[in-house]
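> could you look at this predicted model? Sequence included:
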Amino acid sequence: QRQLVESGGGLVQPGGSLRLSCVVSGFTSDYSAIGWFRQAPGTERDGISCINVRDGSTYYADSVKGRFTISGDNAKNTVYLQMDSLKPEDTAVYYCATKPYTCSGSWEYYDYWGQGTQVTVSS
């Protein structure tokens with residue numbers, strides 16, 4: 001069964017940190033691009049980071065560059081998103097998704113999605 005399962009969301013104060021996890025299972029090795037997206041109410045789904053688990057190449061949106069770090073543990077079939085220096089504008093539902101081969105910042109190219117995890121940054 002093909003699935004992605006996110007975890008690690010929650011409530012955090014501005015300036016704090018969270019680490020999201022995405023466990024990926026049931027896919028062939030062609031599905032090597034794992035992306036993180038987020039969507040706040042009334043906004044479009046935005047691509048914020050992606051990793052190609054074959055070669056380790058990564059991508060970051062300008063809005064999170066320098067604050068978020070994506071990494072993968074192939075032995076655990078898990079991709080992580082370490083989020084530091086969080087801001088209230090980072091509040092959103094965060095999703096992981098997968099597509100074949102190379103990363104893309106556009107959600108339209110991703111075939112399979114997790115259920116999402118809520119991140120709220122507030123004092």
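Sure, I can see it. Numbering: from 1, shown residues only.

> who does the strand or helix carrying S49 pair up with?
Element membership of S49, judged by DSSP states H and E, is strand 46-52. If you go by DSSP bridges, strand 46-52 pairs up with strand 33-39 (antiparallel), strand 58-60 (antiparallel).

> now the next helix or strand after the last one, how far from the centre of its chain.
Translated: strand 58-60. In the C-terminal direction, the helix or strand that comes right after strand 58-60 (DSSP H and E) is strand 68-73. For strand 68-73, the separation from the chain centroid amounts to 9 Å (computed by Cα atoms, centre = their mean, to the nearest Å).

> list the buried residues for strand 68-73?
Buried residues in strand 68-73, counted by 16 or more other Cβ atoms under 10 Å: F68, I70, G72. (Each C-beta comes from the backbone N, C-alpha and C, glycine too.)

> could you list everything the residue positioned nearest the centre of the chain pairs with in the sheet?
Geometric centre of the chain, nearest residue: W36, 2.3 Å, by Cα atoms, centre = their mean. On the basis of DSSP bridges, W36 is bridged to S49, C96.
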